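Asker: When you get a sec, could you give me coordinates for this:
(one chain, ligands or ions: 1)
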Amino acid sequence: MEKQIEQVLIDAKNEIAGVSDKQALMQFSTEFLGKNGRLAGLMKQLRDLPIEQKRVVGEKLNMLRDDLGRMVKDKDAEIEQALLNAKLSSERVDVTIPVKPLPYGTLHPIEALKKDLIDYFLARGYELKDGGDIETDYYCFEALNVPKEHPAREMQDTFYIDSDTVLRTHTSAMQVRTMESQQPPIKMISTGNAYRIDEVDATHSPIFNQLEILVVDKNVTMADLIGVLEDLIKHLLGEKTEIRVRPSYFPFTEPSIEVDAVKDGEYIEMLGAGMVHPKVLEMSGIDSKVYKGFAAGLGLDRLAMLKYGVTDLRELYENDVSLLKQVK
Ligand code: DAH
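Answerer: Prediction:
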């Protein structure tokens with residue numbers, strides 16, 4: 001019997017060498033290890049052996065079973081590896097082939113302008129405050145000294161959500177929210193949408209973008225305000241630009257001014273500004289005898305038109321790629 005066992009092992013070694021796929025391996029496995037296979041045949045013969053041989057031969061058969069099992073396992077791993085290698089080489093990606101460049105997107109002109117302004121002010125030590133588009137009557141009007149009978153409070157101008165809640169008509173509401181939450185020195189800007197009931201035309205839209213500036217500290221003067229605005233306008237429209245300051249009226253500033261840029265002999269209305277009204281400071285919990293403040297509000301849409309040579313405001317909202325491409 002021991003000879004037979006040796007023979008089975010020799011045959012198995014010869015056969016497994018020629019196995020190269022899963023199907024052949026299955027056949028091999030059935031032939032040697034199957035229910036009616038060669039190992040099973042030898043096991044049957046074991047029963048008839050005298051007891052003293054049973055142990056020795058039994059041990060050899062166990063070894064044969066282990067050898068055959070290992071052969072199948074190793075071959076299986078070998079076949080798997082070969083399959084994987086074949087797959088990897090057939091699906092190989094040539095990373096050296098040059099790719100077609102993807103066209104870059106650009107920022108929307110208003111977004112680009114906003115980003116530029118934010119960078120400008122952050123570099124000068126201002127904080128950026130984010131406010132909500134929905135505002136209460138108190139922050140939008142009352143706390144800014146906008147009296148009840150002021151036309152801005154009319155239904156024709158303001159989108160009311162309910163009698164106490166509005167879509168903010170200006171970003172100035174953020175002045176109050178900032179002053180309520182911190183004591184001076186304050187240097188802040190806030191940008192975002194503002195809303196007013198308006199027919200859409202080449203220069204008007206019911207949604208527009210504003211930038212708010214607020215500085216509150218001891219010894220803040222109108223000269224500081226004008227200096228800040230002049231530098232800002234030069235930054236936006238070029239060093240050669242001059243400014244013109246006109247007296248104006250806003251309920252939340254006293255005195256109030258409007259500032260124009262003077263470019264190529266033309267006056268371009270830029271912004272409203274002024275010294276924060278003492279009443280506004282007091283309502284927000286700031287001692288107006290100790291502190292003074294200046295504030296300004298700048299519309300970004302018309303500025304973007306000016307900067308990017310857009311003649312109709314509506315073009316800014318039509319997502320025309322040829323316009324967006326001009327912003328670099
Ligand atoms: N809120 C004003 C508007 O929307 C603009 C403005 C004027 C803002 C004077 C200010 C300011 O901060 O001081 O027309």
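
Asker: contacts, neighbours, all on C-alpha from now
Answerer: Will do.

Asker: and the protein, which residues reach the ligand?
Answerer: H170, S172, E212, F250, T253, G272, A273, G274, A295, A296, G297 (Cα under 6 Å from any ligand atom).

Asker: Point out the ones among these that are inside strands.
Answerer: Mapping these onto strands (DSSP state E) picks out E212, F250, T253, G272, A273, G274, A295, A296, G297.

Asker: Quick one: the helices in the stretch 151-300 of the chain, in order.
Answerer: Assigned by DSSP state H, counting those that start in this stretch, the stretch 151-300 of the chain shows helices spanning 173-181, 222-237, 278-283, 300-308.

Asker: I'd like those written out as CSV, with mean pLDDT added.
Answerer: CSV is the format used below for the helices of the stretch 151-300 of the chain (pLDDT from 0 to 100):
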stretch, mean pLDDT
helix 173-181, 97
helix 222-237, 96
helix 278-283, 98
helix 300-308, 88
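
Asker: Any chance of these in CSV with distance to A202 and mean neighbour count as columns?
Answerer: Shown next, in CSV, are the helices of the stretch 151-300 of the chain (distance: least, Cα to Cα, whole Å; neighbours: other Cα atoms under 10 Å):
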stretch, distance to A202, mean neighbour count
helix 173-181, 27, 20
helix 222-237, 22, 16
helix 278-283, 35, 20
helix 300-308, 10, 19
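
Asker: Reformat the ones you listed as CSV; add distance to D94.
Answerer: Formatted as CSV, the helices of the stretch 151-300 of the chain follow (distance: least, Cα to Cα, whole Å):
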stretch, distance to D94
helix 173-181, 56
helix 222-237, 48
helix 278-283, 67
helix 300-308, 43
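
Asker: export the helix or strand where A40 lies as CSV, just CAs?
Answerer: Using DSSP states H and E, A40 maps to helix 38-47. Listed next in CSV are the C-alpha coordinates belonging to helix 38-47 (Å, rounded to 0.1, in the frame of the first residue of the first chain):
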residue,chain,number,x,y,z
ARG,A,38,-7.9,8.2,-5.4
LEU,A,39,-7.4,9.2,-1.8
ALA,A,40,-10.9,7.9,-0.9
GLY,A,41,-10.0,4.6,-2.7
LEU,A,42,-6.9,4.2,-0.5
MET,A,43,-8.8,5.1,2.6
LYS,A,44,-11.2,2.3,1.9
GLN,A,45,-8.3,-0.2,1.6
LEU,A,46,-7.1,0.9,5.0
ARG,A,47,-10.0,-0.8,6.7
